[in-house]
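**Student:** got a predicted structure plus its sequence, pasted below:
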Amino acid sequence: MEKRDTTAALIDNLLRYLVGGGAIASMLLLPGLAIGLDKSLGSFFRHLDKRQQEREAHRVLKYMAQQKLIDYDSSYAHGITITEKGRQRLAKADFRNLRLKRPNKWDERWRVVIFDVPEDRKSARNALQTKLKDLGLQSIQKSVWVHPFPCHEEIEAVAINYNLANFITYLETNYIDKPEVLKTRFSSLLK
């Protein structure tokens, strides 16, 4: 992992930790805590000694304060708070990393997403279609997408992110025409 990617991942994880009520001060006192934040970060921090870990944590916190992602005074570590800009960055990172959860067993229900986005919102519609594809949904008609696993929360997050909630409908059904075609499309997931 490149240093730039590592720093970005560390920033996102620290913001997530702050939102969750974590105390960054504990990371400064116990740098090994940063290893537990993210597996890819763990490999980065394992190669650093305690002093280097502390230095890296202070460097990242100082950078986050300069970027106005947090309010931070190095002399008063307990006073670290996330700013609105930090919350926005975290929301974008979480949206980029949005994935559908795969249950152990398929409940034999289909999740259908239907949308009718006006032409003047074409760029948002295109972004929506790209995100649906990234999430693993399959298009069965121009504005009708399907997936075998629950995804209501994720679709809701996508709709809100693109400001399209008024144009999207989410359905769950146990009957869909030509199920064998869909089962073939999703064969790798339904095993």
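**Tutor:** Done, it's in.
**Student:** now do the end-to-end distance for stretch 100-111.
**Tutor:** 12 Å (CA to CA, to the nearest Å).
**Student:** list of residues touching that stretch?
**Tutor:** 135-136, 146-152, 154, 170-174, 176, 179, 182, 189-190 (CB atoms under 8 Å, 6 or more residues apart in numbering). From N, CA and C alone the C-beta is placed, and that goes for glycine too.
**Student:** average pLDDT across stretch 92-104?
**Tutor:** Here stretch 92-104 scores 91 as its mean pLDDT.
**Student:** mind checking the end-to-end distance for it?
**Tutor:** One end of stretch 92-104 to the other measures 29 Å (CA to CA).
**Student:** would you map the strands across this structure?
**Tutor:** Secondary structure of the chain (DSSP state E): strands at 70-71, 81-82, 110-115, 138-141, 144-147, 168-173.
**Student:** do you know which of these lies nearest Asp49?
**Tutor:** With CB to CB as the measure, strand 70-71 is the member of the strands of the chain nearest Asp49 (25.5 Å).
**Student:** for that closest one, packing partners?
**Tutor:** Applying 3 or more CB pairs under 8 Å, 6 or more residues apart in numbering; DSSP states H and E, we find strand 70-71 packed against helix 3-19, helix 50-66, strand 81-82.
**Student:** pairing partners for the shortest one, with directions?
**Tutor:** If you go by DSSP bridges, strand 81-82 pairs up with strand 70-71 (antiparallel).
**Student:** and the residue positioned nearest the centre of the chain, how far is that from Ile80?
**Tutor:** The centre of the chain sits closest to Asp94, judged by CA atoms, centre = their mean, with a distance of 2.4 Å. With distances taken as CB to CB, to the nearest Å, Asp94 is found 20 Å from Ile80.
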